[in-house]
Every structure is written in structure tokens, then in C-alpha cells.
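J.: fold the stuff below for me.
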Amino acid sequence: MRRVTNSGAAACGLSLPLLIVSLLGGIDGYTPLPQPPSSQRIARDTARTTSLASSYVGGGNASTLGRNAEEIQAELSSGVVLEGGETIDFSGVIGSESRAERALADARHAYISLLESGQLPAAAPGARHMGVTDEVVEGIGHEVGEGVTDADVQALGSLLRSRAPAGTFAAMADGVATPPRAEVARLEAVLERAYVESGEVTEYFAKTFYLGTQLMDEAARRAVWAVYVWCRRTDEIVDAPRSDADVPMLDELSEWEVRLERLWELGEVRDVLDLPLLDVKIKYPTLSVQPFVDMIRGMLMDVPDLGQDRYGDFDEMHLYCYRVAGTVGIMTVPIFGCAQGYDEETAKEPALALGVAFQLTNILRDVGEDTGRGRVYLPSADMERFGITEEQVNAKRVDEAYIAMMKFQIARARRYYARAARGVPMLSPEARLPVQVALDNYSKILVKIEENGYDNLNKRAYVSKAEKLFNIPFAWFKTLGI
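T.: Numbers count the residues shown, from 1 in each chain. Purely as a prediction, here's the structure:
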């Protein structure tokens, strides 16, 4: 099961043919990283949906996604009940009973002790930057930050901090003195090159996402590259193969988390790829550190023998979906902005809902593949309710009980797509079309599961490139009515 790590974006002012060409390249196998839909705060859920399994009839209607403003307002006023309360509830949640989080906390404590005592070991000469692996270097064709010294990184960090509004960062020991004028142009060239390299990493690992960023304005494009590279580096720290000689994953991940916090609090940078993220933090001051911290914990949940390979109920799975996918929506909300009359706070919930919808879809699509990895993401409580055992899932046996459970799961995912769709008209104009395209195309995976007879144990639900192309004009027309 893939975590949501990629996305697409486009500007509404582009011609439809250009948009289609841009979205087509490399679209197969593409998992969209959620763009930030905006919405009025959805009315608080008044009750939990506890009878869906018995009352569910049919599979929902994907054609209802992307309604106009009048329809949205009517639905908001109707008090629609959705399961699980606000999608944002899990922001900042720490699972004290999680073995993985306890292990990370121990590693973090040890790292902070070394940091405060000045006993951190020096990096080995020629060592690569954290989260920059052989695959990254081979993919972009060169080492990252070649020719950039630590003195350059620190001087540029100081320059960027000097441009931040008062109070953005706590004072550092070296202050925020502006470098000599003669060095400013050279240091700005270092920053420009760091952004270019961030774009190269994005292009290699997320080709369709990268094509989408080419249709954004320059500031948004560069900012999204910086955020993507941070997410990519986090993923590499957690997932990259390690030898006995390498730094243990938890030690490196705890250092990575502390580095993130110090960048936000102090404006501190440690390597050349930190610089674009610092620049983005300064330019988008409402960008919160919390979704970045939460994503680290989401990545940790997937670590074999340490994370979580079973989920007792939907709240546990919901937490995972928020951490690995919904967080990205929060990261990008400040970059893409909101339509006039709406703010980032109202944008959060539909942004998170879209990420959760995407991840629920991934989970349902990949049930059969995940069993081969010893993982079952379907909540145990749901399986028990429908009389499904792990033995049946491992045997890849589809019967009426399994079909009933899949109908239940699909209905749940569609409620999150519906929640996200209510936010599309509240997006800034430049973001509406790509979000609608991603929402429509990804939700069609659920239709494919239905067309496969709900057999996601032996068959893979797949939306073809032609079908994705066919859907684009319909998404475009939906946005015209906003």
C-alpha cells in the first residue's frame, strides 16, 4: 500500500488542451498528493454513523462530487452527519502506547542530551546530507549541493533570517546580521541552485507532480518543491536500506525531527536543502510545523517490527491516514491560499478530508498486495462485524460477507471525498481545477473495485490513462460553474 506522496496542479487560466497534455505525462501509477481545498467550517458532526453496515444500499454516487456553491451551501445547512468527527482531530496526537513513538522519544532524548552537551559527533568528511541516498543522487545525476560549504549555508541562513519579520524566530547566538553586500548576490545564487536541485529531486521521484508544478506561478512552484523534498527526505530516512555501519534509523529520525523544530523556532539550517524550506517558512509565515511533525510519526507507523501492521478500529486507521496523507494538505494550504472570503482555518478540514479519502482508497485498492507483506490495514473491528477473518483475507477468498464489508468501506471513503468536494469552490482560482481532476480520477478507483466484483484480493483496481484523460473536461466544466 502506497503512502500518498505525489500530486498534480494546474492553473485554471490555461487552455484545456495544454492542461490535458500536462496531466497526461507519466500519469499511470500516479498517486496525487492532496492539494488544499478550502471550505467554510463544516457543521460539527452531531452523531456517529453506527448503522451504516445494515442501512447501506448501493455504492454511492461519484457524480455528486464537485457541486456548485448553491448546492454546497444547501448541504452545509442540512447538517449532514459524517463518521468520526472533524477530520482535523488528530493534529498533534501522540500515541503514548505506541512502541514506535516510545522508541523515537528515547532516541530523541539521547540526541538532545548530546546536542546540549556539545558532544555530537562530527559528520564524516564527504558524507551526504541526511535523507539524500544513492537513489536520489543517481536519479538527478549529481551530488546535491556540490561546491557549497557549511560556511555558505550558515551565511545564507543568516541572510534569510535577516529578511524575516520581527519575532519570526528566537534570537540565535550569531544574531541575524546581514552578510556583506558583496556576498549577497553569491549567496542568493546558492539559494537559487538549491531550489533548482529541489526541483530535480521532485521531477525524478514524482514526474506528473513535477509537470503540474510547471503550471503554477514561480513562488508557489518553488515552495511546493521545497516541501516535497522535505517529505522525500523523511521517507528516505525511514525506508532506505541500511548496513550495520550506518547510523540507526531511529537515531537519524530523532535528529531529523529536532532539526525541523529548530528550523521553525530558530531559523537554524544544517545543509543546503534546508535553505529552501527556511525561505518558504519565512515567505509563508502561517505554515505550521505540526503537520511536518505528524508526518514523521506517520512514516514511523509503517516501520516493520516497530510500527503498526494491524488497526483495531477506524479511529486508529484514520490517525494513520491523517498522518501520511492529510498532513500534506495542511502543508500546502498557506502556499495555495483561499478564495476571497475564506481563510486557512476553514480550509483545513476539506484539505485533510481529501488526503484521508486518497489514503483510504489506497488501502482498499491494495488489500491483496498488503497481505503479502504481512500487513492488514482494514480495521479489525470492521472485519469482525462482517465475519471476516485474516485467514480468509490471506486465502484471498471473496464471498458475500467480504463484498458487504467492501461496500461498507467504499461508502466510508466516499463520505470523505464528499467532504473534500464541498471545499473545491472555496479554493483560490489557480488550484480548483487540479484538485477537482485529482478528486474525480482518484475516486474512480472505488468504481473500479465495484466493477471488479469487490475483489481487491486478486484483482487490482486500475483507472486507465484514457479514462483519466476523458475525465478532465468534465472536471473543467465543474470548475467553470464556481
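J.: where in the stretch 151-300 of the chain is pLDDT low?
T.: Low-confidence segments of the stretch 151-300 of the chain, defined by pLDDT under 70: 172-179, 208-209, 211-212, 215.
J.: helices of that one, start to end?
T.: For the stretch 151-300 of the chain, applying DSSP state H, counting those that start in this stretch gives helices covering 181-205, 207-213, 218-239, 249-266, 274-283, 290-300.
J.: now render those helices as CSV, adding distance to Glu369 and mean neighbour count.
T.: The C-beta positions use only the backbone N, C-alpha and C, and glycine is treated the same way. Listed next are these as CSV, based on distance: least, CB to CB, whole Å; neighbours: other CB atoms under 10 Å:
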stretch, distance to Glu369, mean neighbour count
helix 181-205, 20, 17
helix 207-213, 21, 22
helix 218-239, 16, 22
helix 249-266, 24, 19
helix 274-283, 33, 23
helix 290-300, 19, 22
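J.: dump the ones you listed to JSON lines, plus distance to Leu156.
T.: Formatted as JSON lines, those follow (distance: least, CB to CB, whole Å):
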{"stretch": "helix 181-205", "distance to Leu156": "4"}
{"stretch": "helix 207-213", "distance to Leu156": "23"}
{"stretch": "helix 218-239", "distance to Leu156": "14"}
{"stretch": "helix 249-266", "distance to Leu156": "13"}
{"stretch": "helix 274-283", "distance to Leu156": "6"}
{"stretch": "helix 290-300", "distance to Leu156": "21"}
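J.: who wins for proximity to Val132 among these?
T.: Judged by CB to CB, the one of the helices of the stretch 151-300 of the chain that comes nearest to Val132 is helix 218-239, at 7.0 Å.
J.: which other helices and strands does the helix or strand hosting Val356 contact?
T.: Assigned by DSSP states H and E, Val356 belongs to helix 344-365. Applying 3 or more CB pairs under 8 Å, 6 or more residues apart in numbering; DSSP states H and E, one finds that helix 344-365 contacts helix 314-321, helix 327-336, helix 400-421, helix 429-451.
J.: point out the most buried one among those.
T.: Comparing the helices and strands packed on helix 344-365 by mean neighbour count (mean count of other CB atoms under 10 Å), helix 327-336 comes out on top with a mean of 27.
J.: ok now that one, how far from the chain's centre?
T.: Distance of helix 327-336 from the chain centroid (CA atoms, centre = their mean, to the nearest Å) equals 9 Å.
J.: again with stretch 339-350
T.: 18 Å.
J.: report the buried residues of it.
T.: Using 16 or more other CB atoms under 10 Å as the test for burial, stretch 339-350 gives 339, 342, 344, 346-350.
J.: hey, C-alpha coordinates of that stretch in PDB?
T.: What follows is stretch 339-350, C-alpha atoms only, in PDB (Å, rounded to 0.1, in the frame of the first residue of the first chain):
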ATOM      1  CA  ALA A 339     -10.700  32.200  -2.300                       C
ATOM      2  CA  GLN A 340     -11.900  35.600  -1.200                       C
ATOM      3  CA  GLY A 341     -14.000  35.400   1.900                       C
ATOM      4  CA  TYR A 342     -12.300  32.200   3.300                       C
ATOM      5  CA  ASP A 343      -9.300  31.600   5.400                       C
ATOM      6  CA  GLU A 344      -6.800  28.900   6.100                       C
ATOM      7  CA  GLU A 345      -8.600  27.700   9.200                       C
ATOM      8  CA  THR A 346     -11.700  26.900   7.200                       C
ATOM      9  CA  ALA A 347      -9.600  25.300   4.500                       C
ATOM     10  CA  LYS A 348      -8.000  22.700   6.800                       C
ATOM     11  CA  GLU A 349     -10.900  20.300   7.200                       C
ATOM     12  CA  PRO A 350     -11.600  19.700   3.500                       C
END
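J.: and that stretch, what's its mean pLDDT?
T.: The average pLDDT for stretch 339-350 rounds to 86.
J.: how near is the residue nearest in space to the middle of the chain to Gly372?
T.: Among the residues of the chain, the one closest to the centroid is Val328, at 3.2 Å (CA atoms, centre = their mean). Between Val328 and Gly372 the distance is 27 Å, computed by CB to CB, to the nearest Å.
J.: walk me through the domains of this protein.
T.: 1-82+310-482, 99-307 (automatic domain parsing).
J.: hang on, isn't the residue nearest to the centre of the chain packed against Cys231?
T.: Yes: because the distance of 7.1 Å satisfies CB atoms under 8 Å, Val328 is recorded as touching Cys231.
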